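Engineer: pasting the sequence and the predicted coordinates here, then a few questions.
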Amino acid sequence: MMILYSTHCPVCMGVEKMLNNKKIEHKIIDDEDKIRELGFNSSPILEFDGKFYVGKDIFTVINKQSK
């Protein structure tokens, strides 16, 4: 399962929509303190298989899982 760390910014909402459209099981955590706790200063962040992805890497991971 993927975990999306989100602040409901436009990009975050786009990633969430993409996950929903591709029917990828995911959980959303919208806690800015948790995001900072993980060492990140911005969102979205995608966690999958114990790794964290940001930026364009998020879309690469999602596209690989939906094939």
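Structural biologist: Nice, I can see it. Numbers count the residues shown, from 1 in each chain.
Engineer: packing partners for the lengthiest helix in the chain?
Structural biologist: The longest helix of the chain (DSSP state H) is helix 10-21. Under the contact criterion of 3 or more C-beta pairs under 8 Å, 6 or more residues apart in numbering; DSSP states H and E, helix 10-21 touches strand 2-5, strand 26-29, helix 56-65. The way it works is simple: take the backbone N, C-alpha and C, and place the C-beta from them, glycine included.
Engineer: and the longest one, what's its mean pLDDT?
Structural biologist: Mean pLDDT, computed over helix 56-65, is 95.
Engineer: what packs against that helix?
Structural biologist: Judged by 3+ C-beta pairs under 8 Å, 6+ apart, helix 56-65 is in contact with strand 2-5, helix 10-21, strand 45-48.
Engineer: tell me which of the ones you listed lies nearest to residue 32.
Structural biologist: For residue 32, the closest of the helices and strands packed on helix 56-65 is strand 2-5, at 9.1 Å, according to C-beta to C-beta.
Engineer: buried residues in that closest one, which are they?
Structural biologist: Buried residues in strand 2-5, defined by neighbour count with 16 or more other C-beta atoms under 10 Å: 2, 4, 5.
Engineer: same question for stretch 8-23.
Structural biologist: Neighbour counts using 16+ other C-beta under 10 Å place 12, 15, 16, 18, 19 of stretch 8-23 among the buried residues.
Engineer: ok, the closest residue to residue 8 other than its chain neighbours - how many residues close by?
Structural biologist: Of all residues not flanking residue 8 in the chain, residue 30 sits nearest, at 6.2 Å (C-beta to C-beta, 6 or more residues apart in numbering). By the measure other C-beta atoms under 10 Å, the count of residues near residue 30 is 13.
Engineer: just checking the distance from the longest helix of the chain to the centre of its chain.
Structural biologist: Averaging C-alpha positions (C-alpha atoms, centre = their mean, to the nearest Å) puts helix 10-21 8 Å from its chain's average.
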